[in-house]
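> model this:
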Amino acid sequence: MPTVNIPATRPASPFASMKGHHVAVRVPDFDVAVRWYTEKLDFRVVHQWPYADQRLAYLAPATDNDFFVEILGDGQPRPIPKPVYSDLGDSLRLAGFHHFCLNVADMEATVAELRRREVHIVTEPFELPVIGRKLAFIADPFGNLIELAQVVS
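Sure, this is the predicted structure:
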């Protein structure tokens, strides 16, 4: 079941070379963030580097070499803490960046393993037929939301 009608590509566009690469997540504690993503989600550390008084790293999902999460940690000024969301609706109160999404093959097995690893499940799995997906939301230790999506027919 197609989820959307994707328009034809535009190879003549002056921006035809644009491709997704990473999303950056600002965190107050670099070590805690890297440990959480690598231990809870099995991400791999692709590269680490200093920038001024911050530490940064590209992290990649277990089998994906085309999408990274860039961790921006430490440094001054310290980031302002995000609210702790009680559910997805509550998270929609703030404008701006909301979440990034990771596709999964089996939502129930993924959520069960995340629960076993004591990952905060913000929103239990639910189906959204209009896009042909089953979705769930989790949060990292700093309240950054991550959507999980499974294609359903």
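
> now for the helix or strand bottoming out on mean pLDDT in the chain, which elements pack on it?
Every helix and strand of the chain was ranked by mean pLDDT, DSSP states H and E. The lowest is helix 88-91, at a mean of 86. With contacts defined as 3 or more CB pairs under 8 Å, 6 or more residues apart in numbering; DSSP states H and E, helix 88-91 has these neighbours: strand 120-128. To be clear about C-beta, it is placed using only N, CA and C from the backbone, and glycine gets the same treatment.

> hmm, try it at 10 Å
In terms of contacts (3 or more CB pairs under 10 Å, 6 or more residues apart in numbering; DSSP states H and E), helix 88-91 is packed against strand 120-128, strand 133-139, strand 145-151.

> Format those strands as TSV; extra columns: mean pLDDT, mean neighbour count and distance to Gln48.
Formatted as TSV, the helices and strands packed on helix 88-91 follow (pLDDT from 0 to 100; neighbours: other CB atoms under 10 Å; distance: least, CB to CB, whole Å):
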stretch	mean pLDDT	mean neighbour count	distance to Gln48
strand 120-128	96	15	25
strand 133-139	97	20	23
strand 145-151	97	19	21
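
> And the strands in this structure?
Using DSSP state E, the strands of the chain run over residues 22-27, 44-51, 54-60, 68-74, 99-103, 120-128, 133-139, 145-151.

> Mind putting the ones you listed into a markdown table with distance to Tyr37?
Conversion of the strands of the chain to a markdown table gives the following (distance: least, CB to CB, whole Å):
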| stretch | distance to Tyr37 |
| --- | --- |
| strand 22-27 | 9 |
| strand 44-51 | 9 |
| strand 54-60 | 5 |
| strand 68-74 | 7 |
| strand 99-103 | 11 |
| strand 120-128 | 14 |
| strand 133-139 | 12 |
| strand 145-151 | 10 |
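
> Ala12 is nearest to which of those?
Shortest distance between Ala12 and these, using CB to CB, is found for strand 22-27: 26.5 Å.

> partner strands of that closest one, parallel or antiparallel?
In its sheet, strand 22-27 lies beside strand 68-74 (parallel), with partners assigned from DSSP bridges.
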